[in-house]
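**Q** What follows is a protein structure lacking sequence information:
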Ligand SMILES: Cc1cc2nc3c(=O)[nH]c(=O)nc-3n(C[C@H](O)[C@H](O)[C@H](O)COP(=O)(O)O)c2cc1C
Ligand SMILES: C=C(O[C@@H]1CC(C(=O)O)=C[C@@H](OP(=O)(O)O)[C@H]1O)C(=O)O
């Protein structure tokens, strides 16, 4: 399975083409729209999210609600496009009047965004040519792709769920849950996707304060995947290690700067006896572990325990509060470039994190258990699990 995305933030639409989705998977637009709506929510989002009502169009690869095995094309229109038809026009500008009509060039890079380095790299004098594609608007179609992966995984009894652990230094303390279904419901009902209601209130206050101060804040999200067979991925080559692929996918999300599995960086401070997960076996369940400190991975392969992966998101770069930068035309120092912006997008990013993790796992499963049909994958996993249980 692979996918490509295309589209600018204020262009007409975002597109993704998914190749290698097995045939016979039930798929309707609503499966994807639910995930798109989840990504749009969350305290701290800016005005753009009031303009957009993300809805997918499935344009190929599905017939009468089932995948065909052929490439699946998904499109999400940008409702904001109607305000940008001139600025984002495809045709060359014809006259100076046209140039007058479109907005001023962007020559003042925002520290922390892709503006300056992207302009130097691609030779753009108008940094709109960078920000249009570096914008996290692109995560819309990554969530659409992830929704298809999640649908595939749910057919195989695999659940993916995410939530927010920390925003602006406020940490969730009480995050115990009995099942992933409960986790999903509780995070869905929280305006910041946090299981600890008291912490959620403090997180919202921190977001409001950051907004009032013209500042922004980041945080930490967690994704859990349950129902996995042991042995997905491989230790035999660096680019077959599934934990490495998931780490890359998390850090590929705009503004994500770090990743950890299980107890993560805490492992540096504990002796091995308090890190490695002791192995147990019984007739009914086969092999299992007493703990899950390593977050579901050994040797780049799933252990059969839930995958627990966290990612850290830095604060949003666009600030109303002045930060020093340099105008690339005049080389004059200036302070602050004011654009409409989110003040915190950590809750939305947790939905993106679920999507990218779901994609990597679905891809690894298809690689290992069969690429053609969903029923074949199911059969192969059932016999694999049986063999692993008695191994
Ligand atoms: C869901 C989401 C929403 C975001 N919204 C904004 C925003 O409104 N303004 C902004 O400057 N950056 C926003 N970002 C972050 C930038 O896209 C990101 O910092 C930029 O692409 C530079 O990439 P890097 O931070 O990974 O180096 C958002 C990120 C995510 C995941
Ligand atoms: C559009 C989305 O996020 C955008 C991500 C983003 C950025 O710089 O990453 C900047 C903002 O765009 P705009 O300047 O149009 O307000 C966000 O709204 C979205 O998440 O769908």
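**A** Noted; the coordinates are in hand. This is a predicted model, so every value here is computed, not measured. Ligands and ions are numbered 1, 2, ... in the order given.
**Q** Give the buried residues for the longest helix along the chain.
**A** In terms of residue count, the longest helix belonging to the chain (DSSP state H) is helix 346-369. For helix 346-369, a neighbour-count test (16 or more other Cβ atoms under 10 Å) marks 346-369 as buried. Any C-beta I mention is one placed from the backbone N, CA and C, and that applies to glycine too.
**Q** Stretch 134-153 too?
**A** In stretch 134-153, counting by 16+ other Cβ under 10 Å, buried: 134-153.
**Q** which ones among the residues you listed are found in strands?
**A** In strands, defined here by DSSP state E, there are no members of the buried residues of stretch 134-153.
**Q** Out of those residues, which are close to ligand 2?
**A** 135, 136, 137, 140 (Cβ under 6 Å from any ligand atom).
**Q** Report the contact partners of the first one.
**A** Same thing as residue 135. Counting by Cβ atoms under 8 Å, 6 or more residues apart in numbering, residue 135 touches 8, 9, 254.
**Q** Format these as CSV; extra columns: distance to ligand 2 and neighbour count.
**A** Converted to CSV, the contacts of residue 135 look like this (distance: Cβ to the nearest ligand atom, whole Å; neighbours: other Cβ atoms under 10 Å):
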residue, distance to ligand 2, neighbour count
8, 10, 20
9, 5, 21
254, 5, 20
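**Q** How much space separates residue 305 from residue 292?
**A** Computed as Cβ to Cβ, to the nearest Å, the residue 305 to residue 292 distance reads 4 Å.
**Q** Any chance you could list what contacts the least confident helix or strand in the chain by mean pLDDT?
**A** Across the helices and strands of the chain, mean pLDDT, DSSP states H and E gives its lowest value to helix 96-101, namely a mean of 71. The contact list for helix 96-101 (Cβ under 8 Å, 6+ apart) reads 86, 93.
**Q** and with 10 Å instead?
**A** Among residues not part of helix 96-101, those counted as contacts by Cβ atoms under 10 Å, 6 or more residues apart in numbering are 86, 87, 89, 91, 92, 93, 95, 105.
**Q** Helix, strand, or coil at the first one?
**A** Secondary structure assignment for residue 86 (DSSP: H, G, I helix; E, B strand; the rest coil): coil.
**Q** who touches the residue of the stretch 151-300 of the chain found nearest ligand 1 in this structure?
**A** Closest contact between the stretch 151-300 of the chain and ligand 1, by Cβ to the nearest ligand atom, is at residue 254 (3.3 Å). The contact partners of residue 254, taken as Cβ under 10 Å, 6+ apart, are 113-114, 134-139, 142, 313-314, 316-317, 345, 349, 352.
**Q** of all those residues, which two lie farthest apart?
**A** Farthest pair in the contacts of residue 254 (Cβ to Cβ) is 142 and 317. Separation: 19.4 Å.
**Q** Switch the ones next to ligand 2 among the buried residues of stretch 134-153 over to JSON lines; also include pLDDT.
**A** Listed next are those as JSON lines, based on pLDDT from 0 to 100:
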{"residue": "135", "pLDDT": "98"}
{"residue": "136", "pLDDT": "98"}
{"residue": "137", "pLDDT": "98"}
{"residue": "140", "pLDDT": "98"}
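**Q** from those residues, which are also near ligand 1?
**A** Counting by Cβ under 6 Å from any ligand atom, 135, 136 from these sit close to ligand 1.
**Q** If residue 72 is in a bridge, with which residues?
**A** Beta-bridge partners for residue 72, by DSSP bridges, are residue 18.
**Q** if we can go back for a sec, so which of residue 305 and residue 292 has more stuff around it?
**A** More neighbours surround residue 305 than the other of residue 305 and residue 292, with 22 against 19 (other Cβ atoms under 10 Å).
**Q** and residue 176, helix, strand or coil?
**A** The three-state label given to residue 176 by three-state DSSP is coil.
**Q** Pull up the per-residue confidence for it.
**A** Looking at residue 176, its pLDDT stands at 94.
**Q** same thing with residue 338?
**A** Looking at residue 338, its pLDDT is 67.
**Q** Same check on the one 10 residues further on?
**A** We note a pLDDT of 98 for residue 348 in this prediction.
**Q** Quick check: chain neighbours aside, which residue is closest to it?
**A** residue 42 (4.7 Å; Cβ to Cβ, 6 or more residues apart in numbering).
**Q** Now, the ones next to ligand 2 among the buried residues of stretch 134-153 that are in helices?
**A** Counting by DSSP H, those contribute residue 140 to helices.
**Q** what's the closest of the ones next to ligand 2 among the buried residues of stretch 134-153 to residue 29?
**A** residue 140 (14.2 Å).
**Q** That closest one against residue 7, yeah?
**A** Yes - the criterion here is Cβ atoms under 10 Å, and residue 140 meets it with residue 7 at 8.5 Å.
**Q** Need the overlap of contacts for the two.
**A** In contact with both residue 140 and residue 7: 13, 14, 16, 76, 78, using Cβ under 10 Å, 6+ apart.
**Q** If you compare the directions of the helix or strand hosting the third one and helix 346-369, what angle comes out?
**A** This points to residue 16. If you go by DSSP states H and E, residue 16 is part of strand 13-19. For strand 13-19 against helix 346-369, the angle by axes from the mean of the first three to the mean of the last three Cα atoms, to 10 degrees is 20 degrees.
**Q** Identify the spatial nearest neighbour of the residue in the stretch 1-150 of the chain that ligand 1 sits nearest to, chain neighbours not counted.
**A** Nearest residue of the stretch 1-150 of the chain to ligand 1 (Cβ to the nearest ligand atom) works out as residue 136 at 3.3 Å. Distance criterion Cβ to Cβ, 6+ apart; nearest residue to residue 136, sequence neighbours excluded, is residue 254 at 4.0 Å.
**Q** repeat for residue 262
**A** Residue 262's closest residue in space is residue 295 (Cβ to Cβ, 6+ apart), at 2.8 Å.
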